[in-house]
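Novice: from the sequence below, what's the structure:
(chains A, B, C and D)
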Number of protein chains: 2
Amino acid sequence: MRTQGARGRARTPLRAETVARTALALVDSGGLESLTMRRLAASLEVQLPTLYRLFDNKQALLDEMAETLLAGVLARADLTGDTWEERAAALARALRATLLAQRDGARVVGGTYTAQQATLTLADTMLAILGEAELPPEKALWAATTLFSYVLGEVLEQQGATGGETELLAASVRDGRYPRLAATPWERFVDFDARFDFGIRVLTAGLRAECARRP
Amino acid sequence: MRTQGARGRARTPLRAETVARTALALVDSGGLESLTMRRLAASLEVQLPTLYRLFDNKQALLDEMAETLLAGVLARADLTGDTWEERAAALARALRATLLAQRDGARVVGGTYTAQQATLTLADTMLAILGEAELPPEKALWAATTLFSYVLGEVLEQQGATGGETELLAASVRDGRYPRLAATPWERFVDFDARFDFGIRVLTAGLRAECARRP
DNA sequence: ACCTGAACACCGTTCAAGT
DNA sequence: ACCTGAACACCGTTCAAGT
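Specialist: Predicted coordinates:
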């Protein structure tokens, strides 16, 4: 409804990135499930088939959305740290912050396998940083994917967790069948920032140890 | 079609786990997108509303599927290693193997936030192993989630990668804008087993370093 | 009490028919 | 050449009407 508002108005040609940005805004307000080609068309005041001239299908749109998201990571990263450990951690933190800033961001990025500019630039930047660690090239590559996989997995869990489910979890644990889980303080489980800092520290320490290994 | 075959036949009441297992088989053969309540009902020779007496909605079914998958991890793990590092690595490997054995396994598990028996048992087992590392309880918890997040992220990427996209990636890199990426041998990028071994070694080495840190 | 058929309110995607 | 309206073949979910 209300597509008349646009009729007759001169409009600049619709760009794929504009569509992707509007789609991300829809996800932000209603979650990934609420993203619909129909709703997206309505939000852009465009007919439904117009979207299919820009994207072959919904998956192609999701790929572009992931690309758009990842394009913001480098701008957010402060890569002025003195050591490669600091700089790698800063890039990982920027990726996490970008994913967290977008509702369902990890699901958007994790559901695609893009080989577009932003993704490759991000990977190349991480490789440049890890190259300073004097790791052989293949290990630097593996180190980069290890860091990215960790960040994605961690944000995926954080964005999937809801207050209600956390309470359910706490209740299940109190029944005594999971003694180790019950022994750990629950506030710490959902302290996602502290968890992430820990994980990054573990990974960078492990990479340092890997550098010391001479093959 | 063909629901007549079941009519009049005495049948045992349908169990939720049976439904979940059949659903996983459907995903195995056609991918997660092909899993439909209608197709699932047909595959079970059951009317569509019957599924809704067992599950409130499709998400509840997916939760049960994740639980069913994770229930197989411990049986697959060889936890007889001498050191906690070996045992933690073995459990992580068993989780990876379980997810890889099921098409779209990482997406099934990553898309849910279950606090059911199998999930909690898995977490508790990992905590028991990490407890031997003399980490304080909260760090042991964080270490467990770090390992699980890493495994999930890694399998998510592996299962998302297809041959065609890998070629596309290789082509993008050859154009010279990503010098670091271009400098690394491509066979190694898709050697997922080697990547995972590397990641697990880095994580366990990092955890060992964390143990040495006295707060 | 249980199960069925049929519907409701949507989807992603495509295409003939118009201008 | 481009855009539109309308359809196609599905979805997840619900419910009145039957037995």
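
Novice: can you find the helix or strand in chain A with the smallest mean pLDDT?
Specialist: For chain A, scoring each helix and strand by mean pLDDT, DSSP states H and E identifies helix A:163-174 as the least confident one, at a mean of 71.

Novice: buried sites along the helix or strand following that one?
Specialist: Using DSSP states H and E, the helix or strand that directly follows helix A:163-174 along the chain is helix A:179-182. When burial is assessed from 16 or more other Cβ atoms under 10 Å in any protein chain shown, helix A:179-182 yields the following buried residues: A:180-182. C-beta: built from backbone N, CA, C; applies to glycine.

Novice: intersect these with the contacts of chain B.
Specialist: Restricting these to those adjacent to chain B (criterion: Cβ under 8 Å from any Cβ of the partner chain) gives A:180-181.

Novice: of all the buried residues of helix A:179-182, which comes closest to residue B:129?
Specialist: Nearest to residue B:129 out of these is residue A:180 (Cβ to Cβ; 9.4 Å).

Novice: let me see the contact set for that closest one.
Specialist: When the contact criterion is Cβ atoms under 8 Å, 6 or more residues apart in numbering or on different chains, the partners of residue A:180 are B:124, B:127-128, B:131, B:140.

Novice: show me which of those are buried.
Specialist: In terms of neighbour count (16+ other Cβ under 10 Å), the buried residues within the contacts of residue A:180 are B:124, B:127-128, B:140.

Novice: as JSON lines, those residues with secondary structure would be great.
Specialist: Formatted as JSON lines, these follow (DSSP: H, G, I helix; E, B strand; the rest coil):
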{"residue": "B:124", "secondary structure": "helix"}
{"residue": "B:127", "secondary structure": "helix"}
{"residue": "B:128", "secondary structure": "helix"}
{"residue": "B:140", "secondary structure": "helix"}
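
Novice: show me the two of the residues you listed that sit farthest apart.
Specialist: Longest distance between any two of those is 11.1 Å, between B:124 and B:140; criterion Cβ to Cβ.

Novice: so stretch A:103-119, near chain B or not?
Specialist: Yes. Looking at stretch A:103-119 against chain B by Cβ under 8 Å from any Cβ, the contacts come from A:107, A:110-113, A:115-116.

Novice: min pLDDT across the residues you listed, which one?
Specialist: Scanning the residues of stretch A:103-119 next to chain B for pLDDT, the low point is residue A:115. It has 72.

Novice: can you tell me the SS state at that residue?
Specialist: Following three-state DSSP, residue A:115 is assigned to coil.

Novice: so what's the residue count around the closest residue in space to it that isn't next to it in sequence?
Specialist: Here the nearest residue to residue A:115 in space, its sequence neighbours aside, is residue B:169; by Cβ to Cβ, 6 or more residues apart in numbering or on different chains that works out to 3.9 Å. Residue neighbour count, defined by other Cβ atoms under 10 Å in any protein chain shown, stands at 23 for residue B:169.

Novice: next: residue A:30.
Specialist: Applying the criterion other Cβ under 10 Å, we find 14 residues in the vicinity of residue A:30.

Novice: what sits against residue A:18?
Specialist: Listed by Cβ under 8 Å, 6+ apart, the contact set of residue A:18 reads residue A:44.

Novice: sticking with it, tell me its helix or strand.
Specialist: helix A:16-30.

Novice: state the mean pLDDT of that helix.
Specialist: If you average the pLDDT over helix A:16-30, you get 96.

Novice: what are the buried residues along it?
Specialist: A:19-20, A:22-24, A:26-27.

Novice: which helices and strands sit right next to the helix or strand that that helix is followed by?
Specialist: Using DSSP H and E, the helix or strand that directly follows helix A:16-30 along the chain is helix A:37-43. Counting by 3 or more Cβ pairs under 8 Å, 6 or more residues apart in numbering or on different chains; DSSP states H and E, the packing neighbours recorded for helix A:37-43 are helix A:16-30, helix A:48-54, helix A:58-70.

Novice: which of the ones you listed sits closest to DNA strand D?
Specialist: Within the helices and strands packed on helix A:37-43, the stretch nearest DNA strand D is helix A:48-54; the backing value is 3.7 Å (Cβ to the nearest atom of the strand).

Novice: now that closest one: mean pLDDT?
Specialist: If you average the per-residue pLDDT over helix A:48-54, you get 95.

Novice: swap in stretch A:129-140?
Specialist: Average pLDDT, stretch A:129-140: 91.

Novice: the closest residue to residue A:29 other than its chain neighbours in helix, strand or coil?
Specialist: Closest residue in space to residue A:29, ignoring its immediate chain neighbours: residue A:103 at 7.8 Å, by Cβ to Cβ, 6+ apart. Residue A:103 carries the three-state label coil when classified by three-state DSSP.

Novice: residue A:103 is in contact with residue A:28, isn't it?
Specialist: Yes. Under the contact definition of Cβ atoms under 8 Å, residue A:103 touches residue A:28, with a separation of 4.7 Å.

Novice: thinking again about what came up before, now the helix holding residue A:18 - C-alpha only, PDB.
Specialist: This file holds the C-alpha atoms of helix A:16-30, laid out as PDB (Å, rounded to 0.1, in the frame of the first residue of the first chain):
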ATOM      1  CA  ALA A  16      22.300  -2.500  -4.400                       C
ATOM      2  CA  GLU A  17      24.100  -1.100  -1.400                       C
ATOM      3  CA  THR A  18      21.100   1.100  -0.600                       C
ATOM      4  CA  VAL A  19      18.900  -2.000  -0.600                       C
ATOM      5  CA  ALA A  20      21.300  -3.800   1.600                       C
ATOM      6  CA  ARG A  21      21.400  -0.900   4.100                       C
ATOM      7  CA  THR A  22      17.600  -0.700   4.200                       C
ATOM      8  CA  ALA A  23      17.400  -4.500   4.700                       C
ATOM      9  CA  LEU A  24      19.900  -4.200   7.600                       C
ATOM     10  CA  ALA A  25      17.700  -1.600   9.100                       C
ATOM     11  CA  LEU A  26      14.700  -3.900   8.900                       C
ATOM     12  CA  VAL A  27      16.600  -6.600  10.600                       C
ATOM     13  CA  ASP A  28      17.700  -4.200  13.300                       C
ATOM     14  CA  SER A  29      14.100  -3.300  14.100                       C
ATOM     15  CA  GLY A  30      12.400  -6.700  13.700                       C
END
